[in-house]
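K.L.:
Here is a sequence together with a model predicted from it:
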Number of protein chains: 2
Amino acid sequence: MSFEDGIRKVVPYVAGEQPADRNIIKLNTNENPYPPAPGVQTALRELADRSAELRLYPDMNAAPLTAALAKKYGLDPEQIYVGVGSDDVLSMCFLTFFNTGKPILFPDITYSFYDVWADLYRIPYIQVPLDENFDICADGYLRDNGGVIFPNPNAPTGVEADPQTVEKIIAGNPGSIVIVDEAYVDFGARSVLPLLDRYENLIVVQTFSKSRAMAGMRIGFAMASPGLIRALKDVKFSFNSYTMNLPSILCGAEAVKDDGYFREITAKIVSAREDFEEKLRGMGFVFRNSKSNFVFARHPDISGDELFEKLRGKNICVRHFGRPRIREYLRITIGTPAQMEAVTHALKEILEER
Amino acid sequence: MSFEDGIRKVVPYVAGEQPADRNIIKLNTNENPYPPAPGVQTALRELADRSAELRLYPDMNAAPLTAALAKKYGLDPEQIYVGVGSDDVLSMCFLTFFNTGKPILFPDITYSFYDVWADLYRIPYIQVPLDENFDICADGYLRDNGGVIFPNPNAPTGVEADPQTVEKIIAGNPGSIVIVDEAYVDFGARSVLPLLDRYENLIVVQTFSKSRAMAGMRIGFAMASPGLIRALKDVKFSFNSYTMNLPSILCGAEAVKDDGYFREITAKIVSAREDFEEKLRGMGFVFRNSKSNFVFARHPDISGDELFEKLRGKNICVRHFGRPRIREYLRITIGTPAQMEAVTHALKEILEER
């Protein structure tokens, strides 16, 4: 027997390209084109002055960050759980809440890590098809299950579920935890947060990586009843007590406090998205209106593959998923107005060259 | 059925107390009494100037940090894996390497998370007893197994295994991965790193939380053959691609580069430990010489419980584990010479009061 027999076999993840060339227009990983709130810079300077504190373990409960989030969202600090990006938070939710042995339910076209975490924790799952317009249909989620999760707006479609559908799924599953993954909610969609008071089975997950322009700091968070947050912390602390480092706790708190800046940059992105959607329509692209910081579109005259390659040839990086139902689509992150103008120009050229 | 049926049941972890009162002498979680290397402060200032970069996802491979570690330890960057503290690294090693279904082996008295991770990933395990002097005996590890892990120096005993024992365990298990957890190695113990060239089944794990005075930054790392590191990354990236945030990557790299400072503070701690051990001996304490940044000691005339409480009453926080074989012992972190003098004084008072 060799020691290699015990090594776990996985399909390695292929992340969106992170080009080193600064001339490339990078619209492939839904990053924010604007810097984080100015308070983040101040917090880093202050941390430099107190860097001796780094010798100590950080606060397990990340109190300054949790308190800032509680205040912003009108919740109790005991209703907030923070983690190393929303991937960490979601993965911990799978581990904590999906233990009945019954299959969990999520859309067939959705965030690509749900099936990975289910496999990792040996949770059976059923992928519920979106309808032909990429809409989530409540009926598919009203069957016996071990839990439900879906993003709203959905990824990579950018489509927002209507609030009635969302509530029907939550209300129709009193025996299951329902996780609404709101990674992209701040770009014009309606959050399910107001329902938290009425449904004890609801967990809302958000992230600092998109609307707060802090992908490099790795912060995500869950909001739910104190009981569910306690369960999440118990599981997390039982095997890895300290994961939020001091810079993320302090800088995250400062970012949350600056609501004006947050509104300003999200409004700019929404406006750039609407302009870009108008241009896309004019060029004959097919897509659902997005409520996220990206547009998911196809063109009837050119394949997703070809369009992806031609944009790459013009130094524009977008995302293409070679999967069933969506292989003709590109996911284009909304950047600055100047970047979107460059993309529009490139798309026009590509279409005219044909 | 209630949604609560699917919630994972765990025994919540009880961490070492983190007292808010700054007058307390905190010697309970093996933190370093000195600040991180000066370069860490500089790196935070520079990051403040470039805080706009936080909008981007960090480098998955944490290249600047990996490169600095490779250079310091004379390895190839492909032989280094970094994670969010050594808990994150070790947990990922369990998940990646211990998949044969056979029991893994670790000491009966050892780091308290090994059995937790084994339970979490449903890995069977056997706890191999230390001998009556708290020494690891190679023979217990030379049986059919699914992997081996032990700390060297061991925690919470502080005892270093002799190099022959360590090599015997590694050489005797060509069919298993052997992980040597060197969290405390920099305080005078001999690292197994020189054996990496000769044993393909060896993984060495270290941390920034102790000797590099950066518990608040959460950085740990594994060193092994490129093949094992590749396997570790494949598993990790398959379900959580980005966990090392930009501050940890940049500050970690600067800390590693300053070897002079590293040697200076570890030498100070070793010297304070040797002085303290002499005082303990003088007071009649029983302990093995430590090669870590703590001393694990008992006194024949007073129970571990009582001594712990009495020190706490004098505003000195140490660690007491209420477990078989070690309940009469206290684990006392080595702080500054002034702190160790205060502890010595307190211990003398407690013993004289009896």
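P.N.:
Arrived safely. Residues are numbered from 1 along each chain as shown, chains lettered A, B, ... in the order given.
K.L.:
rest of the way, CA atoms for contacts and neighbours
P.N.:
Fine.
K.L.:
Contacts only, for the residue nearest in space to the middle of chain A.
P.N.:
In chain A, the residue lying closest to the centroid (CA atoms, centre = their mean) is residue A:183, at 3.2 Å. Neighbouring residues of residue A:183 by CA atoms under 8 Å, 6 or more residues apart in numbering or on different chains: A:86, A:151, A:152, A:153, A:205, A:206, A:207, A:210.
K.L.:
Please identify the nearest residue in space to the fourth one, excluding sequence neighbours.
P.N.:
What that stands for is residue A:153. residue A:160 (4.1 Å; CA to CA, 6 or more residues apart in numbering or on different chains).
K.L.:
That neighbour is in contact with residue A:152, isn't it?
P.N.:
Yes - contact criterion CA atoms under 8 Å: residue A:160 and residue A:152 qualify, at 5.6 Å.
K.L.:
Pick out whichever of those two has more residues nearby.
P.N.:
residue A:152 (29 against 25; other CA atoms under 10 Å in any protein chain shown).
K.L.:
Could you chop chain A up by domain?
P.N.:
By the assignment in automatic domain parsing, chain A contains the domains A:16-36+A:260-353, A:38-257.
K.L.:
ok so, going back, so which of the contacts of residue A:183 sit within strands?
P.N.:
Using DSSP state E, A:151, A:205, A:206, A:207 are the members of the contacts of residue A:183 that sit in strands.
K.L.:
where in the stretch 1-150 of chain A is pLDDT low?
P.N.:
Along the stretch 1-150 of chain A, the parts satisfying pLDDT under 70 run over A:15-16.
K.L.:
Go again with 90.
P.N.:
Counting by pLDDT under 90, the stretch 1-150 of chain A has low-confidence residues at A:1-6, A:8-23, A:120.
K.L.:
mind listing the helices in it by residue range?
P.N.:
Ranges of helices in the stretch 1-150 of chain A, per DSSP state H, counting those that start in this stretch, are A:38-49, A:63-73, A:85-97, A:114-120.
K.L.:
gap between the nearest residue to residue A:98 once chain neighbours are set aside and residue A:240?
P.N.:
For residue A:98, ignoring the flanking residues on the chain, the nearest one in space by CA to CA, 6+ apart is residue B:6 at 5.4 Å. From residue B:6 across to residue A:240, the span is 21 Å (CA to CA, to the nearest Å).
K.L.:
How about residue A:259?
P.N.:
32 Å.
K.L.:
again, but for residue A:42
P.N.:
30 Å.
K.L.:
Check residue A:282 too.
P.N.:
52 Å.
K.L.:
if we can go back for a sec, which of the domains of chain A is buried the deepest?
P.N.:
domain A:38-257 (a mean of 21; mean count of other CA atoms under 10 Å in any protein chain shown).
K.L.:
I'd guessed residue A:265 sits against residue A:37; true?
P.N.:
No - under the criterion of CA under 8 Å, residue A:265 makes no contact with residue A:37, lying 9.3 Å away.
K.L.:
shared neighbours, these two?
P.N.:
By CA under 8 Å, 6+ apart, no residue touches both residue A:265 and residue A:37.
K.L.:
Need the contact partners of stretch A:232-249.
P.N.:
Outside stretch A:232-249, the residues touching it (CA under 8 Å, 6+ apart) are A:44, A:47, A:54, A:57-60, A:62-65, A:81-84, A:92-93, A:96, A:217-219, B:8-13, B:15, B:84-85, B:87-88, B:113, B:116-117, B:216-218, B:247.
K.L.:
Stretch A:292-305 too?
P.N.:
By CA under 8 Å, 6+ apart, stretch A:292-305 touches A:30, A:153, A:156-159, A:184-189, A:210, A:269-270, A:273, A:277, A:284-290, A:320, A:327-334.
K.L.:
and with 7 Å instead?
P.N.:
Residues outside stretch A:292-305 that contact it (CA atoms under 7 Å, 6 or more residues apart in numbering or on different chains): A:30, A:153, A:156-158, A:184-185, A:187, A:269, A:284-287, A:320, A:327-334.
K.L.:
what does stretch A:157-174 give?
P.N.:
Contacts of stretch A:157-174 (CA under 7 Å, 6+ apart): A:135-138, A:141-142, A:152-154, A:178, A:189, A:201-202, A:288-292, A:294-296, B:2-3.
K.L.:
What ranges does the stretch 51-200 of chain A have for its strands?
P.N.:
For the stretch 51-200 of chain A, the strands defined by DSSP state E, counting those that start in this stretch cover A:80-83, A:104-107, A:125-128, A:148-151, A:178-181.
K.L.:
can you check the stretch 251-354 of chain A too?
P.N.:
Using DSSP E, counting those that start in this stretch, strands in the stretch 251-354 of chain A cover A:286-287, A:294-298, A:316-317, A:319-320, A:330-333.
K.L.:
Show me what the fourth one is packed up against.
P.N.:
Under the contact definition 3 or more CA pairs under 7 Å, 6 or more residues apart in numbering or on different chains; DSSP states H and E, strand A:319-320 sits against strand A:330-333.
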